[in-house]
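1. Any chance you could fold what I've pasted below:
(one chain, ligands or ions: 1)
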Amino acid sequence: MRRFLVDRIEEERGFCIVSGPEARHMIRVLRLAPGDRVTLVDREGRRFEGAVHSRGPEGVRVDLIRPLPQPPPSPVYITLCQAVLKSRAMDFVVQKACELGVDRIIPVVTERSVPKMDDRGRSRKVKRWREIAAAAVKQSDRARPPVIEAPLSFQAVLGLEGETRDTLKVMLWERERRCDLKALFRGSGHMPSFTGLVGPEGGFSEREAAEAEAAGYTLVSLGRRILRAETAGTVLVALAQYEWGDLHVPGTAVDRGSA
Ligand code: SAM
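-> Residues are numbered from 1 along each chain as shown. The predicted structure is shown next:
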């Protein structure tokens with residue numbers, strides 16, 4: 001059944017109004033008719049089977065039929081602190097990280113992050129990133145939408161506490177020559193919460209690397225090749241999800257020791 005995102009499903013109402021681009025997709029592209037069955041997913045991750053009832057000025061009315069089970073969230077909570085990148089690169093890493101199950105994305109303004117944004121530009125970009133995230137949620141059928149925060153300064157990000165006390169905090173540092181992700185992952189047991197910090201096209205400064213290390217981030221290398229920032233952010237989320245999350249067949253007790 002086709003999935004459609006709505007803001008909020010209120011079961012007691014017995015129906016939901018699908019509006020905006022989702023409604024247009026229903027009617028103009030898919031030409032859904034009364035009685036057609038759909039799956040509705042809201043921003044809290046609630047899911048219902050529904051039946052198209054009618055279309056009106058505010059959108060398409062869908063009658064709620066029955067609640068559907070939510071897919072289990074990943075066992076690891078992943079936060080990606082991504083230095084703000086140029087438009088298409090940032091769109092890319094937001095989309096891919098959402099498909100890979102990232103739970104929170106914090107855009108970071110670093111010394112060398114390129115787009116300098118005024119308030120209007122900032123809110124416009126956050127709105128765009130949230131739309132990209134919503135579309136990725138729908139496409140990837142993930143449990144619940146990620147949180148896309150408004151941009152924070154580098155220092156503000158370093159001051160944030162992780163989701164849990166034992167959050168593993170990692171900074172991808174292209175000039176790191178001692179520690180790599182493989183060694184770090186192998187040396188740590190299951191991590192329920194992971195925060196990854198990724199730099200801009202121009203990289204992090206020495207000062208930023210020292211400040212991050214002082215704030216409890218482990219500086220790690222992804223090897224000798226220099227990845228584009230959006231590639232690095234995507235790879236980091238994928239590796240954390242692979243190591244501690246749910247990049248495996250659902251229901252298999254994947255024991256890391258046997259991997
Ligand atoms: N301007 C930097 C240079 O030429 O060395 C490259 C920065 S890279 C394009 C953007 C970000 O991706 C880096 O700040 C880092 O966070 C991450 N990154 C890319 N390749 C990496 C690697 N091999 N090891 C660690 N981090 C990497």
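2. Ramachandran angles for residue 216?
-> phi 100, psi 10 (degrees, to the nearest 10).
3. okay but it is in contact with residue 169, surely?
-> Yes: with the criterion set as Cβ atoms under 8 Å, residue 216 and residue 169 qualify as a contacting pair; they are 5.6 Å apart. (Each C-beta comes from the backbone N, C-alpha and C, glycine too.)
4. Mind checking which of those two has more residues around it?
-> Taking residue 216 and residue 169 together and counting by other Cβ atoms under 10 Å, residue 169 has the greater number of neighbours (21 against 13).
5. Please identify which helix or strand holds that one.
-> Applying DSSP states H and E as the criterion places residue 169 in strand 167-172.
6. does the ligand sit close to the next helix or strand after that strand?
-> Past strand 167-172, heading to the C-terminal end, the next element that is a helix or strand (DSSP H and E) is helix 181-187. No: figure legend: helix 181-187 not in contact with the ligand (Cβ under 6 Å from any ligand atom); closest approach 8.4 Å.
7. now what about stretch 186-197, what contacts it?
-> Identification of contacts with stretch 186-197 by Cβ atoms under 8 Å, 6 or more residues apart in numbering yields 75-81, 108, 157, 160, 162-164, 166-172, 212, 217, 233, 236-237, 240, 243-244, 256.
8. Break down this structure into its strands, ranges please.
-> When secondary structure is read from DSSP state E, the chain shows strands at 3-6, 15-18, 37-42, 47-56, 59-67, 77-83, 104-109, 147-148, 152-153, 167-172, 193-198, 218-220.
9. Residue 140: which of those strands is closest?
-> Across the strands of the chain, residue 140 has its closest neighbour in strand 3-6 (10.0 Å, Cβ to Cβ).
10. Any idea what the residue of the stretch 1-150 of the chain found nearest the ligand is bridged to?
-> For the stretch 1-150 of the chain and the ligand, the shortest gap (Cβ to the nearest ligand atom) falls at residue 83, measuring 7.0 Å. Each beta-bridge partner of residue 83 is listed here: residue 108, as defined by DSSP bridges.
11. pretty sure it is touching residue 198, no?
-> Yes: A contact is recorded between residue 83 and residue 198 when judged using Cβ under 8 Å, the distance being 6.3 Å.
12. Need the overlap of contacts for those two.
-> Shared contacts of residue 83 and residue 198, defined by Cβ under 8 Å, 6+ apart, are found at residue 229.
13. Now do the contacts for the closest residue to the ligand within the stretch 151-259 of the chain.
-> Of the residues in the stretch 151-259 of the chain, the one nearest the ligand is residue 199, at a distance of 2.3 Å by Cβ to the nearest ligand atom. Contact partners of residue 199, counting by Cβ under 8 Å, 6+ apart, are 83, 110, 112, 172, 173, 174, 208, 229, 232.
14. The third one: neighbouring residues, count only.
-> To tie it back to what came earlier, the one meant is residue 112. Here the number of neighbours of residue 112 (other Cβ under 10 Å) works out to 13.
15. circling back: can you say which of the contacts of stretch 186-197 are buried?
-> Burial by neighbour count, 16 or more other Cβ atoms under 10 Å: within the contacts of stretch 186-197 this picks out 76-81, 108, 157, 160, 162-163, 167-172, 212, 217, 233, 236-237, 240, 243-244.
16. Among these, name the ones that also lie close to the ligand.
-> Checking the buried ones among the contacts of stretch 186-197 against the ligand (Cβ under 6 Å from any ligand atom), the matches are residue 172.
17. hang on, the earlier thing: dump the strands of the chain to CSV, plus mean pLDDT.
-> What follows is these, written out as CSV (pLDDT from 0 to 100):
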stretch, mean pLDDT
strand 3-6, 88
strand 15-18, 95
strand 37-42, 92
strand 47-56, 94
strand 59-67, 96
strand 77-83, 97
strand 104-109, 97
strand 147-148, 96
strand 152-153, 95
strand 167-172, 96
strand 193-198, 96
strand 218-220, 97
